[in-house]
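>>> the sequence and its predicted three-dimensional model are supplied below.
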Amino acid sequence: MRTSLFLAAAAFFATAASADGSHRERQHHRFDTRVAIGFRISPVQLDLRGKNPAMVGLGSYVVNAAGACNDCHTHPSYAPGGDPFQGQPEMINTEQFLSGGRQFGPIVAPNITPDENGRPGGYTADEFLALMRTGHDPRSPERILQIMPWNVYGKMSRVDLLAMYEYLRAIPALPDNPAPGP
Ligand code: HEC
């Protein structure tokens, strides 16, 4: 009697443990894939010192495979001969990567590379989260950002948004794009 109870309990725990293990493995695998893709597709060298590498990789995935930040925050978006919309093999304009410069009428997409304190666009993580979720720039809270689809980005998970921030901390710091244009 005791033995069979013990065996039943052991079997239960063994099943529970393996179910849990494979579930965790699957989740881990899914997460890893995005991180690995993120590192593969980042067009620029990354400075991982003092950063969380998994978050940087995930952030690259969010920025470069989903966010399309390059479309507006890099001007021109592609290097000469590297415009996929002209049928050319894609080459992102790494020399101005996310340094801003695309004009939308009177509004210019700003530089979102790290400032002298390593903060993307000069924002703290909390300010960045608030901006993405509300469309209010903490520097001029009465305005609502009119061009960027912050309402779409703001629906992302906190982890994805923080990963975006971590990636932007790891890209090369650049001065504001010297040649803005439409
Ligand atoms: C459709 C074009 C567009 C896309 C795509 C876009 N942005 Fe923007 N973004 C802008 C413009 C334009 C502004 C300035 C907003 C304004 O003044 O109304 C801005 C503002 C910002 C700001 C505030 C900076 C400041 O100094 O005002 C941050 C941070 C930012 N964008 C990050 C991102 C990130 C990260 C992505 C990708 C996930 C992204 N943007 C995608 C156009 C875009």
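Arrived safely, thanks for sending.
>>> please list the residues of this structure that sit near the ligand.
Contact residues (Cβ under 6 Å from any ligand atom) of the chain with the ligand: 63, 67-69, 71-73, 104, 107, 109-110, 112, 121, 123, 131, 137, 145-148, 153, 164. Where C-beta positions appear, they are placed from N, C-alpha and C, glycine not excepted.
>>> out of those residues, which are buried?
With neighbours counted by 16 or more other Cβ atoms under 10 Å, the residues of the chain next to the ligand contain buried members at 63, 67, 69, 72-73, 109-110, 112, 121, 123, 131, 137, 145, 148, 153, 164.
>>> so for stretch 149-165, mean pLDDT?
Per-residue pLDDT values across stretch 149-165 average out to 98.
>>> what of stretch 70-79?
For stretch 70-79, mean pLDDT is 98.
>>> list the buried residues of it.
Of the residues in stretch 70-79, those scored as buried under the neighbour-count criterion (16+ other Cβ under 10 Å) are 70, 72, 73, 74, 75, 77, 78, 79.
>>> among these, which ones are in helices?
For those, membership in helices holds for 70, 72, 73, with DSSP state H as the criterion.
>>> closest one of these to the ligand?
Of all these, residue 72 has the smallest distance to the ligand: 2.9 Å, by Cβ to the nearest ligand atom.
>>> do I have it right that that closest one meets residue 148?
Yes: shown here, residue 72 and residue 148 form a contact pair, counting by Cβ atoms under 8 Å, at 7.0 Å.
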